[in-house]
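[1] Structure for this input, please:
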Amino acid sequence: MTKKNIHRRSILALSMGAVALGFAAHSQAADYPAKPINFIVPFAAGSATDLLARALGQSVTADGKQSVIVDNKAGASGMIAAQHVAKAAPDGYTVLITTNTTQSANEHLYKKLPYDPVKDFAPVTGLGKGGQVLVVNSASAYKNVGELLAAAKKMPGKLSFGSGSSSSRVAGEMLKQLAGVDILHVPYKSNPLAITDLLGGQIDMMITDTSTGIPQIKSGKLRALGYSTKTRSAQLPDVPTLEEAGVKGYDMGYWFAAYVPAGTPKEVVARLNELLKNATKSAAATSFYATAGSVAWTTTPEELAQFQASDALKWGKVIKAAGIQPE
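    Modelled structure (predicted):
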């Protein structure tokens, strides 16, 4: 056999292999989902992200005819879960249901990440946006933001705030920076765990997602002092924004989104995008948004990638201005 024929055979074999891979990817997408889907949540059960994942999972299970398993891998500001998904098979069956914590904030809060928030993931869709609420124990002597900050100025470093996510931490650090006060930061694996210590009197305050905070506020166990975004929460209409309460320029929200491992076939991403968009309109998800103080927010994969890029820049500026040094 001549070298020319061998070369032609090699090209033909490579071409046939590429076609076969193409057919395999197409078949995989056409059959998706063909087995249970794992929703990996970076925070503990009971957190806002967990509650949203479970609400969405009900709809995806019904529409996709396959069960959705919610797996909470809490800890390390979401890095454990993000790393797990980054290393998973790129087939659409391991989905990161996450927030700006893992995708925008962590790269500015830690010197080394066990994952790349851009290169290791394929964006699927945005899922929701919301704000946070500054809360104290209902037995606390502080009845409003002014009283709390006055005490913090009189006792530098004596009051403490807890946080179980980067959003919660940066929100607290921003309060310190804009109000010019020194409050001790106490880290937790998740916001519900910080709430437990707040209820127990181990910490003085925290700025938590509304999904975690509102039930405790409604039950009378926590007192809401201020809301983190520029506009008040529909669920807490009597609670002033932190800016209204005197902390000028304060505005710090959060967002939810879905990602899969980089290299996941575009057809699978598109199908998952469709399933999740439909899920945000389900009764369970609508109930979550209404009670959590957040709103549905969906995107194309490309729109989410662009949003994440701009949001990461914003978080970088906020974290630097707050004087937070990467750990």
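[2] all helices for the stretch 51-200 of the chain, in order.
    For the stretch 51-200 of the chain, helices defined by DSSP state H, counting those that start in this stretch occupy the ranges 79-86, 100, 106-109, 145-154, 166-179, 191-200.
[3] And the ones you listed: which comes nearest T299?
    helix 100 (13.8 Å; C-beta to C-beta). Placement of C-beta: from N, CA and C, glycine included.
[4] In space, not sequence, find me the middle residue of this structure.
    T99 (1.3 Å; C-alpha atoms, centre = their mean).
[5] Do I have it right that that one meets F256?
    Yes. Using C-beta atoms under 8 Å, T99 makes contact with F256 at a distance of 5.6 Å.
[6] And the strands in the stretch 201-327 of the chain?
    205-209, 222-227, 254-261, 294-296 (DSSP state E, counting those that start in this stretch).
[7] Tabulate those strands (JSON lines), appending distance to A30, mean pLDDT and mean neighbour count.
    Formatted as JSON lines, the strands of the stretch 201-327 of the chain follow (distance: least, C-beta to C-beta, whole Å; pLDDT from 0 to 100; neighbours: other C-beta atoms under 10 Å):
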{"stretch": "strand 205-209", "distance to A30": "38", "mean pLDDT": "95", "mean neighbour count": "29"}
{"stretch": "strand 222-227", "distance to A30": "46", "mean pLDDT": "98", "mean neighbour count": "24"}
{"stretch": "strand 254-261", "distance to A30": "17", "mean pLDDT": "96", "mean neighbour count": "26"}
{"stretch": "strand 294-296", "distance to A30": "28", "mean pLDDT": "91", "mean neighbour count": "18"}
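[8] So which of those strands is nearest S140?
    Ranking the strands of the stretch 201-327 of the chain by proximity to S140 (C-beta to C-beta) places strand 222-227 first, at 6.4 Å.
[9] chain center to that closest one: distance?
    With C-alpha atoms, centre = their mean, to the nearest Å as the basis, strand 222-227 stands 22 Å off its chain's centre.
[10] What lies in contact with that strand?
    By C-beta atoms under 8 Å, 6 or more residues apart in numbering, the list of residues contacting strand 222-227 from outside reads 131-138, 140, 142-145, 148, 195, 198-199, 205, 213, 216-217, 233, 236, 239-242, 244-245, 247.
[11] before we move on, what about stretch 299-317?
    100, 103-105, 107-108, 117-118, 122-126, 170, 255, 257, 269-270, 273.
[12] Can you select the buried ones from those residues in PyMOL?
    A single PyMOL command suffices to select whichever of the contacts of stretch 299-317 are buried according to 16 or more other C-beta atoms under 10 Å:
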select buried, resi 100+103+104+105+107+108+117+122+123+124+125+126+170+255+257+269+273
